[in-house]
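Colleague: Here's a sequence, model it:
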Amino acid sequence: MSSIHILPAQLADQIAAGEVVERPASVVKELLENSVDAGATQIEIHMEAGGTRYIQVRDNGSGIAREDLELAVARHATSKINCLDDLEGIGSLGFRGEALASIASVSRFKITSALAGEEAWCYVSGEALKPAPHPQGTSVEVADLFFNTPARRKFLKTERTELMRIEDMFKRIALSHMDIGFVFSHNKKVMHRYAACNTPGEREARVVDICGPAFMEQALPVFEERGDLSLEGWVGLPTFSRSQPDLQYVFVNGRWIRDKVISHAVRQAYQDVLYHGRHPALVLYLKLPPTLVDVNVHPTKHEVRFRESGQVHSFVQSVVTNIIAQTRPGGREQREPVATSGSSFAGSHKPAVQDYFRLFNSGLESQVQDVSGTPYATTRENPLGQTAPLRPAEDVEIETQETEIPPMGYALAQLKGVYILAENKDGLVLVDMHAAHERITYERMKQDWKAGDLDSQPLLVPEVIHLSEREADLAEQSEEMFERLGFSLDRVGPQQVSVKRVPALLKQPEIEPLIRDVLADFKQHGRTKRIENHIDEIMGNMACHNSVRANRRLSLDEMNALLRDMENTERSDQCNHGRPTWRQISLSDLDKLFLRGR
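Modeller: The predicted model follows:
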């Protein structure tokens with residue numbers, strides 16, 4: 001080995017650039033964040049060849065003074081922090097003073113800027129400052145990225161792939177700063193143009209442009225404030241799930257982040273309603289005092305660390321859980337689609353619906369029969385736990401005119417012993433009766449369980465679990481938490497705890513891995529739902545076995561009781577496994593199916 005020596009400044013800058021400038025998307029990200037921090041209200045991004053040949057970011061921000069222009073490209077030069085106290089409460093997107101220096105070290109770099117009412121000046125790497133025409137604001141031009149580090153250039157992908165990564169990053173910035181207008185062009189062709197958003201409608205329109213109209217049509221609005229924490233945005237319905245987490249945008253104080261605490265909280269909120277292996281779609285904005293979050297964790301600033309991670313986890317999970325609980329018929333405000341076609345239930349359709357009610361009910365008992373051919377009686381013991389008296393035929397027309405029809409309408413018949421056919425104000429409703437009753441039973445079991453103390457049962461022989469000393473310490477400190485969950489633990493050694501009681505609902509649990517998982521959750525998130533999840537799984541299985549089965553013939557009383565229960569049960573749009581429990585077929589859809597009106 002050669003003797004120890006100081007690296008040349010240029011080489012040191014190029015090594016440091018590897019942490020900040022991975023590809024063209026990294027360059028665009030850093031330059032856009034500088035423009036946002038400068039207070040820009042309009043930003044333009046122009047590129048060529050996927051950003052490898054040329055990138056320009058131009059803004060109308062505050063600008064840079066002539067005497068600071070060269071310094072702005074020096075390493076560790078910044079206007080955003082001055083001391084350690086500033087680092088502990090960062091409110092800007094950038095703060096390290098490394099981005100421009102890193103970019104300039106691996107490209108042909110040019111920066112032009114002007115303060116309000118002053119002459120503009122231009123700096124090019126290795127050249128003296130010179131005046132240049134430019135309005136207030138700053139333009140940064142980056143040409144021939146990685147021209148002097150060919151090894152790095154070889155790792156770049158195709159022009160299309162690099163452009164897609166830049167677009168993904170640009171969309172995050174555009175979603176997180178809706179008060180800014182953007183123009184995004186590639187190879188002299190404008191690909192995206194967003195005006196600054198000043199109203200809720202304009203903000204929704206930008207979300208539609210970026211996430212697609214289907215997301216907004218299938219999204220529930222979020223807005224909640226608790227103390228220093230606030231959460232707003234949109235979460236997709238469980239039925240609008242995706243195979244990949246590619247439509248999840250989470251912002252903390254205006255910064256797009258990937259965070260395990262928030263991701264885990266969202267998964268917990270969706271666990272009862274999402275089909276296995278699927279991922280929810282969401283756009284969420286979390287705000288909290290800068291002193292409660294550390295953004296100085298990773299060079300790319302994509303990761304953060306919360307001072308009170310348990311509080312953040314609990315807040316996000318409870319807010320999203322309460323929103324998802326609205327997913328029941330009539331349980332949430334029905335959104336108007338962003339772009340619609342066809343007619344809704346109104347006008348000419350209304351008499352037809354009333355006539356159909358009359359025709360159906362006039363021959364109800366003679367037409368609806370079970371598999372043996374025997375007409376149903378109009379009254380029957382209801383196994384679903386409620387009584388829904390059959391509506392006389394003469395009352396139906398009055399009710400459709402003078403009273404509001406329930407969201408799920410009224411039962412018409414049963415199909416193949418599996419599906420319930422019902423009619424509401426919008427048309428035809430199809431219900432998977434087993435899936436719907438499974439959700440209803442499950443939610444009632446959860447409510448009953450939460451209303452009382454969690455029963456526990458003693459073990460005939462206490463089980464001794466061997467842990468690390470740190471885990472044993474945490475178990476001892478969390479004794480009260482374990483008691484609330486139905487466990488009784490005693491520490492019997494430096495690395496051992498003895499389990500004497502377990503929750504009664506846990507049938508033959510594998511105690512040791514369960515305790516370890518609970519401790520891991522508690523250490524990472526400040527809380528755990530591991531026990532509740534196991535109990536929920538057991539109750540879900542019990543609900544499944546105790547729900548009405550396929551080929552079980554129901555009376556109209558029972559079918560209507562099930563429909564009313566669905567309207568009053570949280571999350572009843574999905575069964576316990578995430579499958580939909582019902583579908584609406586509108587009259588306009590039926591008209592199209594039969595070519596009516598053509």
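Colleague: Residue 302: what secondary structure?
Modeller: coil (DSSP: H, G, I helix; E, B strand; the rest coil).
Colleague: how near is it to residue 284?
Modeller: 16 Å (CB to CB, to the nearest Å). Using the backbone N, CA and C atoms, a C-beta is placed for each residue, glycine as well.
Colleague: Looking at these two, which has the bigger crowd around it?
Modeller: For residue 302 versus residue 284, the count of surrounding residues by other CB atoms under 10 Å is larger for residue 284: 20 against 15.
Colleague: strands paired with the strand or helix carrying the more buried one, and their directions?
Modeller: Per DSSP states H and E, residue 284 falls inside strand 282-287. Strand partners for strand 282-287, identified by DSSP bridges, are recorded as strand 229-236 (antiparallel), strand 248-252 (parallel).
Colleague: okay, which residue is most central for this protein?
Modeller: For the chain, the residue nearest the mean C-alpha position is residue 282 (2.9 Å; CA atoms, centre = their mean).
Colleague: got a list of what that one touches?
Modeller: 233-236, 247-250, 266 (CB atoms under 8 Å, 6 or more residues apart in numbering).
Colleague: Need these in CSV (columns: pLDDT).
Modeller: Formatted as CSV, those follow (pLDDT from 0 to 100):
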residue, pLDDT
233, 96
234, 97
235, 96
236, 94
247, 94
248, 95
249, 96
250, 96
266, 95
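Colleague: any idea how far stretch 555-572 is from the chain center?
Modeller: A distance of 29 Å separates the centroid of the chain from that of stretch 555-572, by CA atoms, centre = their mean, to the nearest Å.
Colleague: my bad, stretch 286-293
Modeller: For stretch 286-293, the distance to the chain centre is 19 Å (CA atoms, centre = their mean).
Colleague: same deal with stretch 272-282?
Modeller: 10 Å.
Colleague: all helices for the stretch 451-598 of the chain, in order.
Modeller: Here the stretch 451-598 of the chain has its helices, by DSSP state H, counting those that start in this stretch, at 469-477, 479-484, 511-525, 530-545, 556-567, 587-593.
Colleague: Out of these, which one sits most buried?
Modeller: Highest mean neighbour count among the helices of the stretch 451-598 of the chain (mean count of other CB atoms under 10 Å): helix 556-567, with a mean of 23.
Colleague: tell me the average confidence for that one?
Modeller: Regarding helix 556-567, the rounded mean pLDDT is 93.
Colleague: buried residues in the strand of greatest length in the chain?
Modeller: If you go by DSSP state E, the chain has its longest strand at strand 456-466. By 16 or more other CB atoms under 10 Å, the buried positions in strand 456-466 come out as 456, 462, 465.
Colleague: Can you measure across stretch 189-201, start residue to end residue?
Modeller: 27 Å (CA to CA, to the nearest Å).
Colleague: Would you mind splitting the chain into its domains for me?
Modeller: Using automatic domain parsing, the domains assigned to the chain come out as 9-194, 200-324, 345-454+505-598.
Colleague: now the end-to-end length of the first one.
Modeller: For domain 9-194, the separation between the terminal residues is 41 Å (CA to CA).
Colleague: So which residues of the stretch 201-350 of the chain form helices?
Modeller: Remark: helices assigned in the stretch 201-350 of the chain by DSSP H, counting those that start in this stretch are 213-217, 260-270, 309-324, 349-362.
Colleague: cool, the stretch 1-150 of the chain as well?
Modeller: Using DSSP H, counting those that start in this stretch, the helices of the stretch 1-150 of the chain run over 9-20, 24-37, 66-69, 84-87, 99-105, 150-154.
Colleague: Rounded mean pLDDT for the following helix or strand past the last one, please.
Modeller: It refers to helix 150-154. Reading on from helix 150-154 to the C-terminus, the next helix or strand found by DSSP H and E is helix 159-176. Summarised as a single mean, pLDDT over helix 159-176 is 96.
Colleague: so what pLDDT did residue 374 get?
Modeller: Reading off the confidence values, residue 374 has pLDDT 36.
Colleague: returning to what we had before: looking at the domains of the chain, which has the lowest confidence?
Modeller: Looking at these, the bottom one is domain 345-454+505-598 with a mean of 68.
Colleague: hang on, the earlier thing: nearest to residue 469, of the domains of the chain?
Modeller: Each of these has some distance to residue 469 by CB to CB; the shortest is domain 345-454+505-598, at 12.4 Å.
Colleague: returning to what we had before: now the strand holding residue 284 and helix 260-270, what's the angle there?
Modeller: Strand 282-287 and helix 260-270 are oriented at 130 degrees to each other (axes from the mean of the first three to the mean of the last three CA atoms, to 10 degrees).
Colleague: circling back to that earlier point, right, and out of the contacts of residue 282, which lies closest to residue 192?
Modeller: The closest of the contacts of residue 282, once distances to residue 192 are taken by CB to CB, is residue 249, at 15.8 Å.
Colleague: my guess is the closest one contacts residue 280, does it?
Modeller: No: counting by CB atoms under 8 Å, residue 249 sits too far from residue 280 to count as a contact (11.7 Å).
Colleague: what about residue 53, how many neighbours?
Modeller: Look at residue 53: counted by other CB under 10 Å, it has 15 neighbours.
Colleague: Over to it: give its phi and psi.
Modeller: Here is the backbone geometry of residue 53 (degrees, to the nearest 10): phi -90, psi -40.
Colleague: Check whether it really touches residue 143, as I assumed.
Modeller: Yes: in this structure residue 53 lies within contact range of residue 143 using CB under 8 Å: 6.9 Å.
Colleague: re earlier: relative to residue 322, which of the helices of the stretch 1-150 of the chain is closest?
Modeller: Judged by CB to CB, the one of those that comes nearest to residue 322 is helix 24-37, at 32.0 Å.
Colleague: what does the closest one rub up against?
Modeller: The contact list for helix 24-37, computed with CB under 8 Å, 6+ apart, reads 20-21, 43, 45, 47, 50-52, 55, 57, 59, 61, 80, 92-94, 99-100, 103, 107, 138, 140, 142, 145, 156, 162, 165-166, 168-170, 173, 177, 180, 254, 300.
Colleague: When you filter those down to buried only, what's left?
Modeller: For the contacts of helix 24-37, buried by 16+ other CB under 10 Å: 20-21, 43, 45, 47, 50-52, 55, 57, 59, 61, 80, 92-94, 99-100, 103, 107, 138, 140, 142, 145, 156, 162, 165-166, 169-170, 173, 177, 180.
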